[in-house]
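Peer 1: structural data only, the sequence is not supplied:
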């Protein structure tokens, strides 16, 4: 049995404005419509002997993760389990939590395959073969990394140096890990032939990981053990919500730094699997086919004397005139224009927005909630218009607002509405009015999405004017 | 008495996407908030002896023109009159119509000052002085042009060559008009010293213009006379709506070509008045102050390593990274990105959109109507959301839709609603439902704008699903 562990987190500030802190890189749809998280799950369940996938993610991302997983066709007997972190605590904490959890459930010989959800693998056959090799090495008690054969002298990744004197049948023993090099060093690594990109994927027995951590990073392991003991599993053990107080005490460090660089039991499987970390818009560009002018355009676009540009503009008309080598990313509330050579610097914009408390750092105009999504369509003086989509069977909290009234108009689907003392069913093209101060609840009792237009009206329309009385997602 | 004649028209396709065919250049707000049309009216009414301003414009632009004029503070005894064209027919037709109309009302000695509404004059004192000189020349029966002293060898304008042998006290006699020159010729014109940019402004007695047209362009004058005879004045003579059938027979040509190049009675007043035709986004850029990086930014903008860019983005966050010399113009439905050197080529985009029948050529997301405006906020499957603003005292037509129902929610102001057989008054935060097939009407009986959110619902939501029974603007 092989237990894939999907690590899903990270802001991906270089992919702003498509990625936001609350809607990070693994959730961005790629040009083919699938997001990296979805691709990672697909890659995991297609491997032989997989019946149980564990995902470690932030608790705020749980419902969106579930939604995305629901779109993936899975074998009936494949279980999806979760460890939910109250906040990000780097990879050592995430991987140690997963290892301990799996060890407790399946014993020390359970083989874990750690898959970060923030990169792309285009050759799935080669990946499956590399995983097979990695499992064989893991069975020998080794901590196995996946070393990507470098295609160029990349300075944005860490490297793994293989110890060529100790080759084994299924892979290479690792001599050392090296941090992101400068260009000249990267060139020498490429020339040497025994240096590989550190992909962040791992394979090992849960027991081997735990015992190596006990040797090299006991303070992390101890804190994780305390956290797991304080975190009761829920929902038939499918959901482990980590206790925040004890998780806060786990040191915030990477598995590479905490363990891999120190352990003497590390191996690597050199591989060529079409790996890309989609680290910036430059990498995203490559996924869209170029037209005869070298432009890679999605959406409604017109151009004149424009060459080698990338435009991602799903919702609006974009016109390019006399420009070259630009990256243009258009979202409903924010627009990015960067030169391809400066794609890495987009992180500075995200940083500036975070520092100034700008909303465009945190969320999109469409916000995901456990029950579905809402999109702020327009805001003006004394009014706000939202499009609300409620998933079949889902229900918003029973709530009340002090300052705003709400007009609800059902566009499609069916709504079950509690409005003060009355309960009514609204079909498409029907509406109701919720006066300020009235307790109300919106639910979708149907089997298709409920789409509703809400027009809020009042002196104050902030999201914080909400009193929750009851909530099926524990937010009351 | 001096009669300013404001000529307001032209698409301004080089200023797309801010200008659209139905919202052309004179209506674009400049960075100071005023549009060129507004500035032109202000310039006209500040001149001595002006009590009557005549505006020649397209009938579709009449209501918007009136709205803009209402924002201008005018002397109480200043009359605003209009000639409304059913379609554009170039400057010869417009100016001849105005001259004939003024001659019939005020006699042949009425002095006209023709002011195109599509350019900017920054030195109003110098303009007033030039106008004073022009009036003196006009009183001698001359057709007076305003010759702008060239500041550089511009190839985008026509030139006026003064006849230096026949100087008069108040200006120069004109030797010839020359078409847009190539760069070398433009340079020689600048060096010569007796060449001026043709600003398109004119000053002459109505009778002098008519008699010169009778001599040099009789077919235009005849057709204009027939048109005026077929066009009864309305609204206490303030409004002359040109008869379409006869106006169609007026040759489509410019006043320069039809008359100025042929007449021997043309003079020019050389002037330096801070004139700019705001011919492209390059000219618009100059009106915004540059920051320390040379960027000229309006709206919510962040930048990193970006220099000498212009961003016009009133509604959305725009981020620039590592780019230079770009012009970025963001509107709710369309975005333009051009290199400054290619600003003239923006017209090709407008042309491509016109050819493909794209809506972004014709209108903005906010559409002006006689009664106010509507803005399409969002469209989706089976629904469309509009924000509707009705001016005080205004009223939409009594109408009916076959395929769509409408939910109306008053956000501010007060609405008088006819809904089938009933009539009701809605205050802010009240709503009503208009089922498909019901006759209905929306009016604003109040003294402040009525703002209303309309959610349309139905199988077909096109603007052409409308039956009008009664309309105070003659559209039934």
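Peer 2: Arrived safely, thanks for sending. Worth saying up front: this structure is predicted, and the values here are computed from it rather than measured.
Peer 1: please make it C-alpha for all contacts and neighbour counts, starting now.
Peer 2: OK.
Peer 1: wondering if stretch A:342-353 reaches chain B at all.
Peer 2: Yes: using C-alpha under 8 Å from any C-alpha of the partner chain, stretch A:342-353 reaches chain B at A:342-343, A:345-346, A:348-349.
Peer 1: rounded mean pLDDT for that stretch, please.
Peer 2: Along stretch A:342-353, the predicted local confidence has a mean pLDDT of 95.
Peer 1: got it, and stretch A:182-196?
Peer 2: For stretch A:182-196, the per-residue pLDDT averages 94.
Peer 1: care to break chain A down by domain?
Peer 2: Structural domains of chain A, as assigned by automatic domain parsing, span the residue ranges A:2-276, A:281-355, A:366-470.
Peer 1: quick one: end-to-end distance for the second one.
Peer 2: So that's domain A:281-355. Between the opening and closing residues of domain A:281-355 there is a gap of 22 Å (C-alpha to C-alpha, to the nearest Å).
Peer 1: quick one: distance of it to the chain centre.
Peer 2: Taking the mean C-alpha point of domain A:281-355 and that of its whole chain, the gap between them comes to 22 Å (C-alpha atoms, centre = their mean, to the nearest Å).
Peer 1: what's the answer for the longest one, then?
Peer 2: Centre-to-centre, domain A:2-276 and its host chain are 13 Å apart (C-alpha atoms, centre = their mean).
Peer 1: please see if that domain touches chain B.
Peer 2: No: using C-alpha under 8 Å from any C-alpha, domain A:2-276 never reaches chain B; the gap is at least 9.1 Å.
Peer 1: start to end distance for that domain?
Peer 2: Its start and end residues considered, domain A:2-276 measures 24 Å (C-alpha to C-alpha).
Peer 1: what is the burial count for the closest residue to residue A:460 other than its chain neighbours?
Peer 2: Excluding the flanking residues, the one nearest residue A:460 by C-alpha to C-alpha, 6 or more residues apart in numbering or on different chains is residue A:403, at 5.7 Å. By other C-alpha atoms under 10 Å in any protein chain shown, 17 other residues sit near residue A:403.
Peer 1: same check, this time on the one 5 residues further on
Peer 2: Counted with other C-alpha under 10 Å, the burial measure for residue A:408 works out to 24 neighbours.
Peer 1: list the buried residues for stretch A:256-270?
Peer 2: Of the residues in stretch A:256-270, those scored as buried under the neighbour-count criterion (16 or more other C-alpha atoms under 10 Å in any protein chain shown) are A:256, A:258-263, A:265-270.
Peer 1: stretch A:97-112 too?
Peer 2: A:97-103, A:108-112.
Peer 1: a markdown table for those, including distance to residue B:23?
Peer 2: Compiled in a markdown table, the buried residues of stretch A:97-112 are given as follows (distance: C-alpha to C-alpha, whole Å):
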| residue | distance to residue B:23 |
| --- | --- |
| A:97 | 61 |
| A:98 | 61 |
| A:99 | 64 |
| A:100 | 66 |
| A:101 | 65 |
| A:102 | 65 |
| A:103 | 69 |
| A:108 | 72 |
| A:109 | 72 |
| A:110 | 69 |
| A:111 | 67 |
| A:112 | 63 |
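Peer 1: export the domains of chain A to CSV and tack on distance to residue B:407?
Peer 2: Output for those, formatted as CSV (distance: least, C-alpha to C-alpha, whole Å):
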stretch, distance to residue B:407
domain A:2-276, 32
domain A:281-355, 25
domain A:366-470, 8
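Peer 1: in chain A, which helix or strand is least confident?
Peer 2: When the helices and strands of chain A are scored by mean pLDDT, DSSP states H and E, strand A:233-234 comes last with a mean of 73.
Peer 1: adjacent strands (with direction) for that strand?
Peer 2: Each strand pairing with strand A:233-234, determined using DSSP bridges, is listed with its direction: strand A:239-241 (antiparallel).
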